[in-house]
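Student: kindly generate the corresponding structure for this input.
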Amino acid sequence: MIIQFFLFLHFLLLPLQAQDIHRKSEVNELWKAGVARAVITPQEYIWMAGYAARDKPAEGKLHDLCAKALALEDAQGNRVLLITTDIIGFDKDLSLSICDRIIREYHVERKNIILSSSHTHSGPVINRNLDGIYPPFDESQKKQIENNRSFIEEQIITVAGRAISSLAPVRLSSGVGIARFGVNRRENEADDEFLYKPELNGPSDHVVQVLKVSDPSDQPIAILFGYSCHATCLDVNKW
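Tutor: The predicted model follows:
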């Protein structure tokens, strides 16, 4: 199921009561934010997630995969944590393990934690609930996948802690834009004219919601955005 990410942003900001973020913040001390990132590119060329037709593991790297964290805190000390990742998604076991550790180690409430993935098909197999779409893995391949799963979890816990520890005064602002590349693929024929058609068949959502986090001198330190689409395009065998 495709989850509309702008709803994530709404729920992320529910506990933050300091002020309305729909216009630029003028009082810096009401908000704090911290950001961090870590590389989660697999250390071995293991099987890739997403396409059932693949018949071999990854063969190279176009660029690194990353986990990124944004921590926000309002004037009352309410704190939320958003973690984004270049993976296909989180299964229940992995998300529970990560969130339990964040709750225990960093004292962030579960309702204020969001784990998000880009749903890339250019990342590693990570979830046990998709085993049926891949060829049967031998014991060596299973061990590679499990080791990488543990590696990614540790990187996510680390990046969460670094974001929280770097909380500092910021300005927040938000806006809404439009991007028309999202197309209902079940209701439209594939051609080169998608972007130029005045109307497309089937449901779609072209709204792009953006939250900008800037330092006190108004230099951006993080930009959070959401767009409703199945974000899959590359089919090469490289990270």
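Student: CA atoms for contacts and neighbours, from now on please.
Tutor: Noted.
Student: residue boundaries of the helices in this structure?
Tutor: Here the chain has its helices, by DSSP state H, at 5-13, 92-106, 139-165.
Student: can you pull out the low-pLDDT segments for this structure?
Tutor: 1-29, 190-198, 232 (pLDDT under 70).
Student: show me what the residue nearest to the spatial centre of the chain is bridged to.
Tutor: By CA atoms, centre = their mean, the chain has its centre lying nearest to Thr84, at 2.7 Å. Judged by DSSP bridges, the bridge partners of Thr84 are Lys68, Ser116.
Student: that one and Ser217: what is the separation?
Tutor: Using CA to CA, to the nearest Å, Thr84 is found at 26 Å from Ser217.
Student: related to what we said a few turns ago, please identify the most buried of the helices of the chain.
Tutor: Highest mean neighbour count among these (mean count of other CA atoms under 10 Å): helix 139-165, with a mean of 18.
Student: on contacts alone, who are the packing partners of it?
Tutor: strand 32-39, strand 66-73, strand 79-85, helix 92-106 (3 or more CA pairs under 8 Å, 6 or more residues apart in numbering; DSSP states H and E).
Student: what angle do it and helix 92-106 make?
Tutor: Computed by axes from the mean of the first three to the mean of the last three CA atoms, to 10 degrees, the angle separating helix 139-165 from helix 92-106 equals 30 degrees.
Student: and helix 139-165, how far out from the chain's middle?
Tutor: Centroid separation for helix 139-165 versus its chain: 15 Å, with CA atoms, centre = their mean, to the nearest Å.
Student: what angle sits between it and strand 32-39?
Tutor: 160 degrees.
Student: follow-up on the earlier one: of the helices of the chain, give the one that comes closest to Asn129.
Tutor: Shortest distance between Asn129 and those, using CA to CA, is found for helix 92-106: 8.7 Å.
Student: quick one on the thing from earlier: nearest approach to Cys229 belongs to which of the helices of the chain?
Tutor: Of all the helices of the chain, helix 5-13 sits nearest to Cys229, with 9.3 Å by CA to CA.
Student: measure how buried Arg171 is and give me the count.
Tutor: 25 (other CA atoms under 10 Å).
Student: bridging residues for it?
Tutor: If you apply DSSP bridges, the partners that Arg171 bridges to are Ser214.
Student: for the remainder of this discussion, apply numbering that starts at 408.
Tutor: Will do, 408 is the new start, and the previous item becomes Arg578.
Student: surely it meets Pro627?
Tutor: No: Arg578 is beyond contact range of Pro627, at 9.1 Å (criterion: CA atoms under 8 Å).
Student: name the residues contacting each of the two.
Tutor: Common neighbours of Arg578 and Pro627, counting by CA atoms under 8 Å, 6 or more residues apart in numbering, are 620-621.
Student: still on that earlier bit, next, format the helices of the chain as JSON lines and append distance to Asn536.
Tutor: Putting these into JSON lines (distance: least, CA to CA, whole Å) gives the following:
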{"stretch": "helix 412-420", "distance to Asn536": "22"}
{"stretch": "helix 499-513", "distance to Asn536": "9"}
{"stretch": "helix 546-572", "distance to Asn536": "13"}
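Student: between those helices, which one is nearest to Glu606?
Tutor: helix 412-420 (22.7 Å).
Student: next one: Asn555 from Asn534, what distance?
Tutor: The value you get for Asn555 to Asn534, if CA to CA is used, is 11 Å.
Student: show me the contacts for Thr492.
Tutor: 472-475, 522-525.
Student: no further queries at this time; thank you.
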